[in-house]
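**Q** need a structure here:
(2 chains)
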Amino acid sequence: MTLDAPQSARADDETHMVRQSISAVRNGNHHAFGILVQIYQRRLFGLSLMVMKIPDEAEEITQDAFVRAFSNLDKYDAEKPFYPWLATIAVRLAQSRLSKKARDQARDTAYLQEQNITSPDSYDLLKGLIANESNREVWEKVLSLPEGQRTAVFLHYRNELKISEVSAAMGVTDGTVKTLLFRARKALRKQLETAKSNPENHSREGQNDL
Amino acid sequence: MTCNQILQALDSGTLSAGKAKVSPQLQHHIDQCSVCQKRVAEAGLLNARLEQLPLPEAPTGMELAIAQRIDVLVAEKANQKQATSPVSSPKPTPFVHWVFAFVGVLLFALTELQFFNAGILIPWIESSETMSPAPGLFSDRLIFLLGMNGAGEELVSYGLSVTLCLAGLLGLTHRSIDPKPVTPELPSGKA
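**A** Residues are numbered from 1 along each chain as shown, chains lettered A, B, ... in the order given. Down below sits the predicted model:
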């Protein structure tokens, strides 16, 4: 996870731009928040999608997270990086949405079984969002992990958050995050081994074994 | 050192292909075991792919929807501020109302003192008894003009003091009858 020189320069530019935008918003120019949305919308939408699995819900969470971040910008410590703070808002919103969904689902399961309705395949839903098939397969593998594991993997690997930042975002201890990552790596490694031993059964994995 | 321990180290993240620090014991085993070499390489590949996990395109119109929601939020805040400003910075109360209230209370106290015959206001009591105009007080002049005495005097004094008190109090609380500011219509919240 080390950055090369151009990447580092880009990160510095981004940090500078983010600080300027936050300062402008705090001084009353609320349109400057649009710059933050432009910078982080893909990252935050990706995170929300990883947690929620359904694009519509992920979009809703992303919007809510940005709006909540705007409302609470005075509580943000400008000395710290902005993205972990924003990601924390999104993860907490997604977690509460998921627990509400779980409650509703428990109530509706009987009805769905009666009507023979199944939830849409997340792989099919991803088709419209990630054009490249090999990229979609990586997503699919991570999406198959339990919620805590895939959130931790996305935040730690893709969003390059430290263990302490991931634990703060998820509202758990550092030890829990390490355990989640340990289990996720183990599960992904097993998926990889299974895909290698049965290539016919994993047509989707094909040439993109992890 | 066994292959299982290497596997454990890979899963716990303490060992991966890109890591600079590998203990000599681990390194020695990896150098000797081709299976573990392969596993380390695969773990490195997995880490790299997770780090470069592609991000999906953000839905079209999401940026605009967020901007609209923020605009609504800002407008609501501005309206709230406008609506609450009269309470947070009340208009200064006109001095005359304080004077009314003060004079009313004073007059009431004087009347009470007279009623209990405290003896402090003897000149005034005497003047009212003799029906001669007292030089100072408005109520005395009024009592004299109306030609009243006894219960009538007290009635006028009470009446005056109550009227002045009411005038003062109404003046002091006049802001409570201020009309509320009109809230302009806002565009619908969620896009």
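**Q** what stretches of chain A score poorly on pLDDT?
**A** Low-confidence segments of chain A (pLDDT under 70): A:1-7, A:109-129, A:131, A:134, A:196, A:198-210.
**Q** hang on, residue A:82 packs against residue A:36?
**A** Yes - the pair residue A:82 / residue A:36 is scored as a contact, 7.3 Å apart, by Cβ atoms under 8 Å. Yep, even glycine has a C-beta here, placed from its N, CA and C like the rest.
**Q** Name the residues contacting each of the two.
**A** Residues touching both residue A:82 and residue A:36 comprise A:18, A:22, with contact defined as Cβ atoms under 8 Å, 6 or more residues apart in numbering or on different chains.
**Q** What about residue A:15, how many residues nearby?
**A** Residues within reach of residue A:15, counting by other Cβ atoms under 10 Å in any protein chain shown, total 13.
**Q** Excluding chain neighbours, what is closest to it?
**A** Beyond its immediate neighbours in the sequence, the residue positioned closest to residue A:15 (Cβ to Cβ, 6 or more residues apart in numbering or on different chains) is residue A:81, lying 7.4 Å away.
**Q** do the same with residue B:36
**A** Once flanking residues are discounted, residue B:36 sits nearest to residue B:6: 4.6 Å by Cβ to Cβ, 6+ apart.
**Q** which strands and helices sit next to the helix or strand that contains that neighbour?
**A** Residue B:6 belongs to helix B:3-12 when assigned by DSSP states H and E. Helix B:3-12 is packed against helix A:174-197, helix B:24-32, helix B:34-51, with contacts defined by 3 or more Cβ pairs under 8 Å, 6 or more residues apart in numbering or on different chains; DSSP states H and E.
**Q** I'd like those helices laid out as JSON lines, including distance to residue A:166.
**A** As requested, those are exported to JSON lines (distance: least, Cβ to Cβ, whole Å):
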{"stretch": "helix A:174-197", "distance to residue A:166": "5"}
{"stretch": "helix B:24-32", "distance to residue A:166": "25"}
{"stretch": "helix B:34-51", "distance to residue A:166": "13"}
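**Q** report the longest helix in chain B, please.
**A** In terms of residue count, the longest helix belonging to chain B (DSSP state H) is helix B:62-88.
**Q** after it, next one along is what?
**A** Remark: after helix B:62-88, the chain's next helix or strand is helix B:95-115, criterion DSSP H and E.
**Q** helices and strands of chain B: which one has the lowest mean pLDDT?
**A** helix B:122-129 (a mean of 52; mean pLDDT, DSSP states H and E).
**Q** Relative to chain A, how far out is the residue nearest to residue B:36?
**A** Separation of residue B:6 from chain A (Cβ to the nearest Cβ, to the nearest Å): 12 Å.
**Q** Go ahead and confirm that residue touches residue B:25.
**A** No - Residue B:6 lies out of contact with residue B:25 (Cβ under 8 Å); the separation is 10.2 Å.
**Q** Fine by me, we can end here.
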